[in-house]
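J.: whatever this is, show me its structure:
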Amino acid sequence: MLDLDTCYRVLELEPGATLEEVNRAYRDLVFIWHPDRIPKDNTRLIEKAQEKIKQFNEARDQLRQHIARQRTQSSHQAASQRQAYRASPPPHSPPPRYQSNPYTYRSYHGPHEPQQATQHTYGQHHNHTYSTHQRQRTAAPPPPEPPRTTPPHKDMAGVNLQGANLSEKDFEGRNLSHANLSHADLSDAFLHRVILHRANLRHANLFRANLLQADLSYADLQGANLIGADLSGADLRGADLRGAKMSQGNRLLVKLTGARLTGAIMPDGHVHT
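T.: Residues are numbered from 1 along each chain as shown. From the prediction side, this is the model:
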């Protein structure tokens, strides 16, 4: 696995490049180094171009994942800051201080008992008012709102996207099982861990698509263009790959590291065991 600095160098970018800059640099370099642009009799240069394409694919995928992680972390930090702001109680100010009047009016002619009753009544009223104010000032803040969660991806099982232009779209982790994607343009699409179980991908353009760890079990990939695609760790058991473009001559141009191919019908028609 390439480190981030190496990924930026491979794609001739400065650190901190945006996703759009990464995709643009990737397309430019793949166009320059694509094996189809090299004379077929120059095997040394073709092999070098194939190695370059693999490096470009790995660098682009690493940077895409890095940028996606940064966006997720930024969203979580912003949500946490909003939550902390809502949950924090308002600044506490001390209750008002009351000072009793040192001067007491005493009637020289009236009886003493009514005066005491009057002072007692004032004291009760004063204490009740002060206690009520204290309860209002020291009331507990409202309970914090539960943290907001990001809504899950929409389930796209069985969706009809026949012939759709989905180039460079991000479908990471989506459920597209039984979907109709025949003749769809999925070039440079980010399909990491996508579920395409029994999906119809006949003649779909998956040029340079990232299908890392994707579930393509029993998918119909007849005639699909898989040149430059990364299928590392993908589940291709029972998939139909008859007529799919995966190689140039005897050179495989698809990354299949760790892919499961048991029962898959290969481009030449033989069943992988």
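J.: right, and residue 156 touches residue 174 too?
T.: Yes. Counting by Cβ atoms under 8 Å, residue 174 is a contact partner of residue 156 at 5.5 Å. C-beta here means a position set from N, CA and C on the backbone, and glycine is covered the same way.
J.: which of the two has more neighbours?
T.: Residue environment comparison for residue 156 versus residue 174 gives the larger neighbour count to residue 174, 21 against 16, counting by other Cβ atoms under 10 Å.
J.: per-domain residue ranges of the chain.
T.: In terms of domains, the chain is parsed into 4-85, 155-273 (source: automatic domain parsing).
J.: and residue 208, what does it touch?
T.: When contacts are counted by Cβ atoms under 8 Å, 6 or more residues apart in numbering, residue 208 touches 26, 30, 57, 187, 188, 227, 228, 229.
J.: now the third one: how far from residue 191?
T.: So the one you mean is residue 57. With distances defined as Cβ to Cβ, to the nearest Å, the gap from residue 57 to residue 191 amounts to 13 Å.
J.: neighbour count: these two, which is higher?
T.: Summary of the neighbour comparison: residue 57 and residue 191, criterion other Cβ under 10 Å, with residue 191 having more neighbours (28 against 21).
J.: what does the pLDDT read for the more buried one?
T.: Residue 191 carries a pLDDT score of 93 in this model.
J.: could you do residue 54 as well?
T.: Residue 54 is assigned 89 on the pLDDT scale.
J.: quick one, phi/psi of it?
T.: Residue 54 adopts backbone torsions of phi -60, psi -40, taken as degrees, to the nearest 10.
J.: where do the contact lists of residue 57 and residue 191 overlap?
T.: residue 210.
J.: helices of this structure, start to end?
T.: Assigned by DSSP state H, the helices in the chain fall at 4-10, 19-33, 43-87, 112-137.
J.: give the residue spans of this structure that score low on pLDDT.
T.: In the predicted model, the chain carries pLDDT under 70 at residues 76, 79, 82, 84-154.
J.: now the nearest residue in space to residue 160 that is not next to it in sequence: how far from residue 211?
T.: In space, and not counting its chain neighbours, residue 160 is closest to residue 180: 4.7 Å by Cβ to Cβ, 6 or more residues apart in numbering. Using Cβ to Cβ, residue 180 is found at 18 Å from residue 211.
J.: so between those two, which is more surrounded?
T.: When neighbours are counted by other Cβ under 10 Å, residue 180 and residue 211 differ, and residue 211 comes out ahead with 27 against 19.
J.: so that one touches residue 193, yeah?
T.: No. At 9.1 Å, residue 211 and residue 193 do not qualify as touching, with contact defined as Cβ under 8 Å.
J.: picking that back up, quick check, nearest of the contacts of residue 208 to residue 206?
T.: Of all the contacts of residue 208, residue 206 sits closest to residue 229, with 5.1 Å by Cβ to Cβ.
J.: give the contact list for that closest one.
T.: 206, 207, 208, 209, 210, 211, 254, 255.
J.: swap in 7 Å and give it another go.
T.: Contacts for residue 229 were tallied using Cβ atoms under 7 Å, 6 or more residues apart in numbering; they are 206, 208, 209, 211, 254.
J.: before we move on, what about residue 57?
T.: By Cβ under 7 Å, 6+ apart, the contact set of residue 57 is 208, 228, 230, 255.
J.: before we move on, what about residue 242?
T.: Contacts for residue 242 (Cβ under 7 Å, 6+ apart) come out as 222, 265, 267, 269.
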